[in-house]
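1. have a look at this prediction, sequence included:
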Amino acid sequence: MKKSFPLQVEGKNPDRILEAVKHEVRKYARREGRKAVPAGFDYWDFDCKVGANAEVAEVATFAQVVPLMDAVAKTGAAACYVEVLSKPVVRVRKPQTLDSATTETLPAPDDIA
């Protein structure tokens, strides 16, 4: 989704307009997240940009989209540009390592009664 949302509409409360825009962005993310993930991938991730227009939009994570939209609205901008593009991602697992101090203090399975 690449879209420029008007934030100032005649006869409407700007706070309600901003809430409607946030709802639409979240709805898009839920809809994209429900799609089947291609074979070999684990989940959908999002490439996001937010700004007053497309030229000044800054790259952000999906969690940063709503706070950045709030920041754009506080500047008094007439519109807010939001870009949210889904991409399939393979989950990177963290290696599980136990240090030697942890393994020495654990009781043996036979000692547990």
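-> Received the coordinates, thanks.
2. going forward, measure contacts and count neighbours with C-alpha atoms only.
-> Noted.
3. other residues contacting the longest helix belonging to the chain?
-> Secondary structure of the chain per DSSP state H: the longest helix is helix 14-34. Helix 14-34 is contacted from outside by Met1, Phe5, Leu7, Gln8, Tyr43, Trp44, Val66, Asp70, Ala73, Val84, Ser86, using Cα atoms under 8 Å, 6 or more residues apart in numbering.
4. mind running it again at 10 Å?
-> Contact with helix 14-34 is made by 1, 3-9, 43-46, 62, 65-67, 69-70, 73, 76, 80, 82-88, as judged by Cα atoms under 10 Å, 6 or more residues apart in numbering.
5. ok, now stretch 47-61?
-> By Cα under 10 Å, 6+ apart, the residues outside stretch 47-61 that reach it are 1-6, 45-46, 62-69, 71-73, 75-87.
6. ditto for stretch 83-90
-> 1-4, 25, 28-29, 32-33, 36-51, 54, 57-62, 65.
7. out of the contacts of helix 14-34, which are inside helices?
-> Phe62, Val65, Val66, Pro67, Met69, Asp70, Ala73.
8. any idea how far the last one is from Glu58?
-> Here the criterion is Cα to Cα, to the nearest Å. By it, Ala73 lies 15 Å from Glu58.
9. of the two, who's got more company?
-> Taking neighbours as other Cα atoms under 10 Å, Ala73 and Glu58 compare with Ala73 leading, 20 against 17.
10. please list all residues in contact with that one.
-> Contact analysis of Ala73 by Cα under 10 Å, 6+ apart lists Leu7, Gln8, Pro14, Asp15, Leu18, Gly51, Ala52, Pro67, Ala79, Cys80.
11. counting neighbours, what do you get for the fourth one?
-> The burial metric for Asp15, expressed as a neighbour count using other Cα under 10 Å, is 13.
12. same thing with the third one?
-> Burial of Pro14, expressed as a neighbour count using other Cα under 10 Å, amounts to 16.
13. hey, which helix or strand in the chain has the poorest pLDDT?
-> Every helix and strand of the chain was ranked by mean pLDDT, DSSP states H and E. The lowest is helix 100-105, at a mean of 56.
14. any idea which residue is closest to the centre of this protein?
-> Taking Cα atoms, centre = their mean, the centroid of the chain lies closest to Phe62, which sits 1.7 Å from it.
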